[in-house]
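> Quick one: sequence and predicted model below, then my questions.
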Amino acid sequence: MEDSKKIRILTGDRPTGRLHIGHYFGSLKTRLKMQENDQYDPYILIADVQALTDNFNQPEKVRKNVRELVIDYLSVGIDPKKTTIYIQSMIPETAELTVFYSNFVTISRLERNPTVKTEIAQKKELFGESVTYGFLGYPVSQAADITTFEGKLVPVGEDQLPLIEQCREIVRKFNNTYGDVLIEPEAVLSNTKRIKGLDGNDKMGKSLGNAIYLSDSEEEVSKKIMSAVTDPNRIRKDDLGNPDVCMVAYYHHLFAPEKELKTICEECRAGKRGCVACKKQLIQYVNEFLNPIRAKREYYEAHPEIIDNILLEGTRKARLTAKETMKKVKKAMKLDYFES
């Protein structure tokens, strides 16, 4: 199938930090599956412009993590021959489309977006009582990201659904005004629930100190898992345990061989499995999972020119796609001055 006949998929990440196992099970695993399906044409956006909406005072942090993201992608198996990886800020058409879309979205509509409301509340320390125009309007920029590349499917978590719905609203308003130009995207929910942190928190993240990163060393993995939260009611080794409230058992469900899971849980409930031994077994499983990823990471860290070439080639391809979309948009908006 030619690329033009494939279903375009758009996903992306903000370059604000390393990716952890929550990212792997929540999105990367889905991307790996989709890139092997011949009916899809996947694009991955490195959203540096969006990252700057709440990291505008830390540009070096954003710049550094652009390449870190690509190394994470390649280390888990994202193939640049099958998946286009590009940098958001190097696609000026997206910024141009963001300006056009801003005419279709009111301030009150942005303020009602539940995802934006939640994120603004979390960033009181940065914004105080008055959020910036850039952060409040990032759903408009995100809509431009998706539609610039005519993304039909957008894999997201449930918390991102309001952003996709806002994009769909913009597309409908644009098409009603200028004709049937843009593709209305559809959200694709991951089958994997949000991965909890080692401390039992529903969210895993750097600021919470509860994440296992794809780039963690064996020593870092060991230290983190040994401090993971277990059944608080289990005091002695032979006390009956409850794996349903133990984060070590929770992670065993992610990493342990399926044939071992039943034994692990049964021994825990019967008081025949000590927490330390259980943690050491989990450390083994997690490191076995991460070792191939570490090996690839080491290779790409030693060859930064490969990363640069992937970004340059991916962005070049993305720019060509964006220009084609913008031609259609400007023609519909009567902005195609001096075009023959």
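Now that the structure is in, tell me what you want to look at. Numbers count the residues shown, from 1 in each chain.
> Now do the contacts for the nearest residue to Ile46 once chain neighbours are set aside.
Excluding the flanking residues, the one nearest Ile46 by Cβ to Cβ, 6 or more residues apart in numbering is Ile87, at 5.1 Å. Bear in mind the C-beta positions are built from the backbone N, C-alpha and C, glycine included. By Cβ atoms under 8 Å, 6 or more residues apart in numbering, the contact list for Ile87 reads 46, 48, 66, 311, 315.
> Show me the chain divided up by domain.
Segmentation of the chain into domains, based on automatic domain parsing, reads 3-196+304-332, 218-298.
> Tell me how far the shortest one lies from the chain's centre.
Centroid displacement of domain 218-298 relative to its chain, using Cα atoms, centre = their mean, to the nearest Å, is 26 Å.
> can you map out the helices along the stretch 51-200 of the chain?
In the stretch 51-200 of the chain, the helices defined using DSSP state H, counting those that start in this stretch lie at 59-76, 92-101, 107-112, 114-122, 124-127, 133-136, 138-148, 161-178.
> Could you check the angle the fourth one makes with helix 161-178?
Counting by axes from the mean of the first three to the mean of the last three Cα atoms, to 10 degrees, helix 114-122 points 130 degrees away from the direction of helix 161-178.
> List the buried residues of helix 114-122.
Applying a neighbour-count criterion of 16 or more other Cβ atoms under 10 Å, the buried positions in helix 114-122 are 115-116, 119-120.
> Among those residues, which one sits closest to Gly137?
Of all the buried residues of helix 114-122, Gly137 sits closest to Val116, with 9.2 Å by Cβ to Cβ.
> isn't the closest one right next to Gly137, touching?
No - Val116 is beyond contact range of Gly137, at 9.2 Å (criterion: Cβ atoms under 8 Å).
> Tell me the residues that contact both of the two, please.
With Cβ under 8 Å, 6+ apart, Val116 and Gly137 have common neighbours Leu110.
> what's Thr84 in contact with, if anything?
Neighbours of Thr84 in contact, by Cβ under 8 Å, 6+ apart: 41-44, 314, 317-318.
> Take those residues and keep only those in helices.
Mapping the contacts of Thr84 onto helices (DSSP state H) picks out 314, 317-318.
> before we move on, back to that, from the helices of the stretch 51-200 of the chain, which stretch is densest packed?
helix 138-148 (a mean of 25; mean count of other Cβ atoms under 10 Å).
> what does that helix contact?
10, 12, 45, 47, 49-50, 53, 88, 91, 93-95, 97-98, 101-102, 105, 110, 113, 115-116, 151, 154, 163-164, 166-167, 170-171, 182-183, 185, 321-322, 325-326.
> still on that earlier bit, go through the contacts of Ile87 and name the one nearest Tyr73.
For the contacts of Ile87, the residue nearest Tyr73 by Cβ to Cβ is Ile46; the value is 9.2 Å.
> mind checking pLDDT for that closest one?
You'll see Ile46 listed with a pLDDT of 97.
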